[in-house]
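Enquirer: next input, structure requested:
(chains A, B, C and D)
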There are 2 protein chains.
Amino acid sequence: MATPLPRDPIADARLNWERHGWSDVAAPMAAITAIMRTQQILLARIEGVLKPFGLTFARYELLALLSFARSGALPMNKASALLQVHPTSVTNAVDRLQGAGLVFRSPHPTDGRTTLIELTPEGRTLAKRATAALNAEVFAQSGFEEQDIDQLLRILGAFRRNAGDFSE
Amino acid sequence: MATPLPRDPIADARLNWERHGWSDVAAPMAAITAIMRTQQILLARIEGVLKPFGLTFARYELLALLSFARSGALPMNKASALLQVHPTSVTNAVDRLQGAGLVFRSPHPTDGRTTLIELTPEGRTLAKRATAALNAEVFAQSGFEEQDIDQLLRILGAFRRNAGDFSE
DNA sequence: TCCAAACCCTTGGATGTCCTAGTATATTGC
DNA sequence: GCAATATACTAGGACATCCAAGGGTTTGGA
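Expert: A predicted model of the protein is given here:
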């Protein structure tokens, strides 16, 4: 970030692939590498906006998910499935959010194995404020053209469905 | 990955955004979230292929970068800039690669501050084999249509240039 | 010439992700 | 009804990333 590089390292990698006789996979290699790098840039922006709220992206995602839950509570395994992360990652996030007084655990009324996560009033308020900040400072200035966003949604949506994310 | 979800959680998030009156940023929010999730899926595939070689993606990237360096050696700060990661991440990767006998450190001939990283013969061989595996098992079956790959390269390339990755 | 500022790498700490294993509770099949 | 299997959460460990700080080396201006 400090100083822009004189040349695009991903374009260079693609040239290297072609020089070595891997032209058939050079383009997908470059595209996949570009997705990796783009994710890194976006994550850094998001974390920068959330930092003043004492949140990381992982914690924000859980908070936001809870704020949209009809009942206001969600089983941990449900959160794990919806966020597409390992159950231990949810445990980790809940531990920290609970320590910050933003959520609390409660036993499931009928299934003794299951733990519900619920927002505290502070958690609900913070989720609202953090979302407003992300909307204004990241999503409203994404750096993508409007028609490119449609392309991304189409391409990545097909990819994710194909990868087994959802069956719909 | 276990079981596909009945509904696309990102499409649901988009609906939630629209319901709450944030329609103007719902699409970019969904696109950015999709990039995050796609990166996660791709990284998991890549790590899966590299695991038999005892490599992670971070270590592979460094190994591949070195294998394309003309002189076969690269200063650590250069590697950090090209890979777009923090210098401490390079230190970490070099420590582990060196422990595995794949690279070694050598002092810079004229600048006492700088450390050069060089491939060992084993490192060079492993880089070749790992690249062949990634080409065959990931890049050749990326899951993207050919014209979509062009779209991705165009859209993400513009985004990265705009984000200050490179000036070219 | 010489000292302050800039640069390079490493150490230590915080966070997040995954995996493996262990404990507790539910469900299933005989 | 009870044992075997499946499911839910958590503890511990391996990795990777970043930040802050520290020690050594170079550079540049007074």
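Enquirer: how about the residues of chain A by DNA strand C?
Expert: By CB under 7 Å from any atom of the strand, the residues of chain A that approach DNA strand C are A:56, A:58-59, A:84-86, A:88-89, A:92-93, A:96, A:110-113. Heads up, the C-betas are built off the backbone N, CA and C, glycines and all.
Enquirer: of all those residues, which comes closest to chain B?
Expert: Of all the residues of chain A next to DNA strand C, chain B sits closest to residue A:84, with 6.3 Å by CB to the nearest CB.
Enquirer: pretty sure the closest one sits against residue B:8.
Expert: No: if you go by CB atoms under 8 Å, residue A:84 and residue B:8 don't touch, sitting 11.1 Å apart.
Enquirer: give the residues shared as contacts by those two.
Expert: Residues touching both residue A:84 and residue B:8 by CB atoms under 8 Å, 6 or more residues apart in numbering or on different chains: residue A:165.
Enquirer: which part of chain A gets nearest to DNA strand C, residue-wise?
Expert: residue A:112 (2.5 Å; CB to the nearest atom of the strand).
Enquirer: list buried residues within the residues of chain A next to DNA strand C.
Expert: Buried members of the residues of chain A next to DNA strand C, scored by 16 or more other CB atoms under 10 Å in any protein chain shown, are A:58-59, A:84-85, A:93, A:96.
Enquirer: how about the residues you listed in CSV, adding secondary structure?
Expert: Shown next, in CSV, are these (DSSP: H, G, I helix; E, B strand; the rest coil):
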residue, secondary structure
A:58, helix
A:59, helix
A:84, coil
A:85, coil
A:93, helix
A:96, helix
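Enquirer: now those as a markdown table including pLDDT and distance to DNA strand D?
Expert: A markdown table is the format used below for those (pLDDT from 0 to 100; distance: CB to the nearest atom of the strand, whole Å):
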| residue | pLDDT | distance to DNA strand D |
| --- | --- | --- |
| A:58 | 96 | 12 |
| A:59 | 97 | 14 |
| A:84 | 95 | 14 |
| A:85 | 96 | 11 |
| A:93 | 98 | 10 |
| A:96 | 97 | 12 |
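Enquirer: ok, so of the residues you listed, who is nearest residue A:136?
Expert: residue A:59 (19.5 Å; CB to CB).
Enquirer: doesn't residue A:94 make contact with that closest one?
Expert: No: using CB under 8 Å as the test, residue A:59 is too far from residue A:94 to be in contact (9.1 Å).
Enquirer: show me where chain A has helices.
Expert: A:9-19, A:23-50, A:57-68, A:76-83, A:87-99, A:121-137, A:146-162 (DSSP state H).
Enquirer: report how many residues lie close to residue A:68.
Expert: 17 (other CB atoms under 10 Å in any protein chain shown).
Enquirer: what sits against it?
Expert: Contacts of residue A:68 (CB under 8 Å, 6+ apart): B:13, B:16.
Enquirer: swap the cut-off to 10 Å and go again
Expert: Residues near residue A:68 by CB atoms under 10 Å, 6 or more residues apart in numbering or on different chains: A:74, A:82, A:127, B:12-13, B:15-17, B:19-20.
Enquirer: so among those, which ones count as buried?
Expert: Applying 16+ other CB under 10 Å to these flags A:74, A:82, A:127, B:12-13, B:16-17 as buried.
Enquirer: make JSON lines out of the residues you listed and add pLDDT and distance to residue A:168.
Expert: Formatted as JSON lines, the buried ones among the contacts of residue A:68 follow (pLDDT from 0 to 100; distance: CB to CB, whole Å):
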{"residue": "A:74", "pLDDT": "96", "distance to residue A:168": "20"}
{"residue": "A:82", "pLDDT": "95", "distance to residue A:168": "14"}
{"residue": "A:127", "pLDDT": "97", "distance to residue A:168": "26"}
{"residue": "B:12", "pLDDT": "95", "distance to residue A:168": "10"}
{"residue": "B:13", "pLDDT": "96", "distance to residue A:168": "14"}
{"residue": "B:16", "pLDDT": "96", "distance to residue A:168": "16"}
{"residue": "B:17", "pLDDT": "97", "distance to residue A:168": "18"}
